[in-house]
Structures are given as C-alpha cells and as structure tokens.
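Trainee: Structure of the sequence below:
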Amino acid sequence: MNSAYKYLVSTSSTFFLCCFLYLSLFYFQLGVTTYLSVGVERLYLNKTNYAEHYSQPKLVVISGSTAFYGIRCQTFQEKINLGCLNGGTHMGLGIEYLLYRGRTWLKPGDIVLLPLEYTHYQNNRFPSDVLIDYVMAFDPEYLNSLNWNIRLKFVMSTSVTRLVEGTINRLTQTNFRESYKYEKLLFEGKNGDNEEISKTKQTQKFRQFVEELSPLELVNLDDKTSGMKSIVAFVKWCQERNILVLATWPNTIWFDAYNSSKTSIFFDKIILFYQYLGVPILGNAQDFMYDKSLFFDSIYHLNNEGIQIRTQKTIALFKDYLSDHQHGSKTVSVHGMESDTKKIKYTEMVN
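Mentor: Numbers count the residues shown, from 1 in each chain. Take a look at the predicted model:
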C-alpha cells in the first residue's frame, strides 16, 4: 500500500511538473517572432494601413490566401470607383481569426465580400499551427479574449517544435523582421494586393506540385460547425453596423469529380446557408473553377493570368448585383434559385 502511494505521488508530481514546465515555456515566448509569423504580420500591417487611411466607404475582401492569390483590388477600385481592400492572408489562421481581424478594417457603409475557402465551412475550431504561431508572436490579446476551455485547447495544441523554436529565439534575441525587409515592404501593394505574383516565375517544382493535386473533399458539410457559427456571428455583427455582406466562391482547380451529386449537395448547402442569413451570393462555384494551367503553387492560388481572369469575373458579377440593387430588385437570383426558396433550419446555430 505504501509502495502504491509512493508511486501515485511520484507520478502525480511528475505530471504536474511537466505541465508547469510546458506552461512556463509557452508564456516565456509570448511576443517572440518566428519567420512565418513575421510574414503573416507583414500582410496584416499592409492591409491595416490601407483601412486606417481610407476614409470613404470601401469594399473589403476577407478570406485566406484565395483572395490574395485571386483578386486584384486595385483593378476593382479603378473599374468600380469604389475603394477596395484585399484582406486575403493565410487560410491556416482559421475562419474565426480571419473574421476577428477583418472586423477591425470595417466601418459603417462598407461592403464585405467573402470568397471563403471551402475548408472554413467545415472548421471545427481546433487551432492550427499557423494560428498558434502567429498569435503567440503578435496577438496574445486574442488569446486572452478566448474563454478558458478554448484557451486551454489553444495552449495544449502548441507543438514542441514551436516551443523550442520560440525559446531559442527568445534566448538568442533573433529578429526575423529584417529577413522580410519588413519596413520596406509595408507599403507595397497599397490595396493589400499580391504585387509579387506578377514578378515571380513559376518553377518546375511548383508546376509539378499543381499537376499532382487532387480534388477537395467537398462532402458531409455539417450545419453546426464552428466555422458556420463564426460566419453567422460575423454577418449579424455587420448587419448591426450597416455593413453589407456579400458572399462568393473561392478560386480553385476544376476536377471532373465535382460533377458528383455529393458535391452539388455541398454547394447547395452553402447557398441555402447564405440565403438563411440574407447574404447574396455572386455567381456559382463553377464560375471560379479553372484549369490547372492558371494556378501557381496551390489548389487555391492562381497565377498572374488567373488572377486577372478571376478579378474581371468578380467585377462583372459585382456590377450585375449593383445594377439589380439600384433598380429595386427585391429578390436576388442565386445559383438559379430565388430568395424565397425553402431554407435550411439553422435555429440552433443562430440562437
């Protein structure tokens, strides 16, 4: 009995000591930068600079990198005569954080366009390595804003690799800002656009990577994912502040597999979801599915030619929406269905 008691005490002590060391390492490196986190912060500083200095009503595009590698807001601004901010950053940050930061760019009278990656609709709120890395380095206030169980999940999801890297960077006082030519690049692409893509040649490695990509798993969309709930909360927040929300589709590669009935159900569910929220959708999913030759290095990343094509299509759809709106159209045609189409019941999600 005495032996068992000693074993229990020893095991418990070791467990709590390990927890203490883990938490100590976590908090020891809050505010410590990494190479990836500085790259994301550079994007946010550029976009925030535009939002803070543009005083007129504007269009703000919010998504992961599908907008950064898919829409050119400078062209949008020139063709529509409406300020445009490309808020595309990194899909790995997750839908909740992307919308959380997107709120800071918005003012009453603005318009939001959401070309969200399909992953965001399926999000289960489990923090990714990208989000953890960036928040630890640049936004610990976000961590403090989370309730205790989500915060605990966030802390416990931090990889040992990040803890080691951050600790080394803290002890060696490593600063990655210079690696990204930090200050010089803040004002490149004043609309938040990807200015480098027009100057960057696609390597054989990237071409091979794109060729080997396979279709996304666009099935089994759960009505009550945390991703859907985050979108609901964001739309309600915008509506309360006289901010118009429009949805559209991400640019992605076309595969014949998307002709399946399961994929059609997935798309229809997204349509009905936005209908329930009263959010018009520009175009349909197939409008923004392109041949692999128009992609750069990812299933969501268009090359320069692809960006131009997608931008022009989005502008045309946006003009059509404005025309219908200005002529007093009370219903918005969405993917061949009118706004009085039967809607999915999202009562639990909204309430």
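
Trainee: what's the closest non-adjacent residue to the residue most central in space within the chain?
Mentor: The centre of the chain sits closest to Gly64, judged by C-alpha atoms, centre = their mean, with a distance of 3.1 Å. Once flanking residues are discounted, Gly64 sits nearest to Met91: 2.8 Å by C-beta to C-beta, 6 or more residues apart in numbering. (Glycine included, C-beta is placed from N, CA and C.)

Trainee: What is the burial count for the one you found?
Mentor: Per other C-beta atoms under 10 Å, the neighbour tally for Met91 reads 22.

Trainee: and it, what pLDDT?
Mentor: You'll see Met91 listed with a pLDDT of 95.

Trainee: Which residues are in contact with it?
Mentor: Taking C-beta atoms under 8 Å, 6 or more residues apart in numbering as the contact definition, Met91 lies against 63-66, 117, 119-120, 300.

Trainee: could those go into TSV alongside distance to Ile315?
Mentor: Listed next are the contacts of Met91 as TSV, based on distance: C-beta to C-beta, whole Å:
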residue	distance to Ile315
Ser63	17
Gly64	21
Ser65	20
Thr66	17
Glu117	21
Thr119	26
His120	23
Tyr300	20
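
Trainee: Spell out the residue ranges of the strands in the chain.
Mentor: Remark: strands assigned in the chain by DSSP state E are 58-63, 83-88, 111-114, 244-247, 252-253, 289-290, 295-298, 301-302.

Trainee: now what about the last one, what contacts it?
Mentor: Read that as strand 301-302. Applying C-beta under 8 Å, 6+ apart, the external contacts of strand 301-302 come out as 65-66, 69-70, 251, 290, 294-296, 309-310.

Trainee: So which of those residues is the closest to Thr158?
Mentor: Distance to Thr158, by C-beta to C-beta, is smallest for Ser65 among these, at 23.0 Å.

Trainee: Report how many residues lie close to the closest one.
Mentor: Residues near Ser65, counting by other C-beta under 10 Å, number 20.

Trainee: pretty sure it is in contact with Ser298, am I right?
Mentor: Yes. Here Ser65 reaches Ser298: they are 7.3 Å apart, a contact under C-beta atoms under 8 Å.

Trainee: Tell me how far the residue nearest to Asn304 when sequence neighbours are not counted lies from Gln308.
Mentor: Closest residue in space to Asn304, ignoring its immediate chain neighbours: Ser198 at 4.7 Å, by C-beta to C-beta, 6+ apart. Using C-beta to C-beta, to the nearest Å, Ser198 is found at 9 Å from Gln308.

Trainee: same question, Ser24
Mentor: When distance is defined by C-beta to C-beta, Ser24 is 51 Å away from Gln308.

Trainee: Of the two, which one has the most company?
Mentor: Neighbours per residue (other C-beta under 10 Å) separate Ser24 from Gln308, with Gln308 holding more: 15 against 12.

Trainee: Name all residues that make contact with the more buried one.
Mentor: Going by C-beta under 8 Å, 6+ apart, Gln308 touches 72, 75.

Trainee: No further questions, thank you.
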